[in-house]
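J.: Structure here, sequence nowhere to be found:
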């Protein structure tokens, strides 16, 4: 049984076989160039390949990444959705850990203590704290509903994506202010 490399080598080095296999002359010459240009893995040691890659990386251009793109609401909302998801999830975990760890350090962390602490705070501090908690929660919930609508195959065209994006922003502002005013 012949190996693939030996068959390809036979085809590329024998013009009679090459003309039978490749009826088109352009394809034939292109195939020969491609095959001959491919280096054999056995000819280079791993250290030589590694050094070659290091040398190539030194002269390779650096991708401009985000600086070449025009800012759009779609990627702002995508990033904000991820950040607010981490913030809300992190706050829940920290609250649960504080509730569990407070008795071990001699502190009380229960609903009665929280109610009395919040009642003693000035109104401006209460509104600021509630807005700070409400904004990421409301945004993440509304944008999550938007993503569920997309998963259902609705509102996927670009005009509706922008419309729902602005609706999420408006709903977040209204919902956050409503929750902060309670």
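T.: Cool, the structure landed. This structure is a prediction, so every number in the text was calculated from the model and none was measured. Residues are numbered from 1 along each chain as shown.
J.: mind giving me the domain split of this structure?
T.: Structural domains annotated on the chain: 4-58, 72-181, as defined by automatic domain parsing.
J.: Please identify the deepest-packed of the ones you listed.
T.: Per-stretch averages of neighbours, counted by mean count of other C-beta atoms under 10 Å, single out domain 72-181 among the domains of the chain, with a mean of 13. The way it works is simple: take the backbone N, C-alpha and C, and place the C-beta from them, glycine included.
J.: Which SSE is immediately downstream of the worst-scoring helix or strand of the chain on mean pLDDT?
T.: The weakest-scoring helix or strand in the chain, judged by mean pLDDT, DSSP states H and E, is helix 25-37 (a mean of 51). For helix 25-37, the following helix or strand on the C-terminal side (DSSP states H and E) is helix 46-59.
J.: Could you look up the SS state of residue 109?
T.: Recorded secondary structure, residue 109: coil (DSSP: H, G, I helix; E, B strand; the rest coil).
J.: pLDDT score for it?
T.: At residue 109 the predicted local distance difference test score is 81.
J.: same question, residue 139
T.: For residue 139, the pLDDT comes out at 97.
J.: Can you tell me how far it is from residue 69?
T.: The span separating residue 139 from residue 69 equals 23 Å under the rule C-beta to C-beta, to the nearest Å.
J.: on that earlier part again, okay, the domains of the chain in JSON lines with distance to residue 65 next?
T.: Output for these, formatted as JSON lines (distance: least, C-beta to C-beta, whole Å):
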{"stretch": "domain 4-58", "distance to residue 65": "17"}
{"stretch": "domain 72-181", "distance to residue 65": "12"}
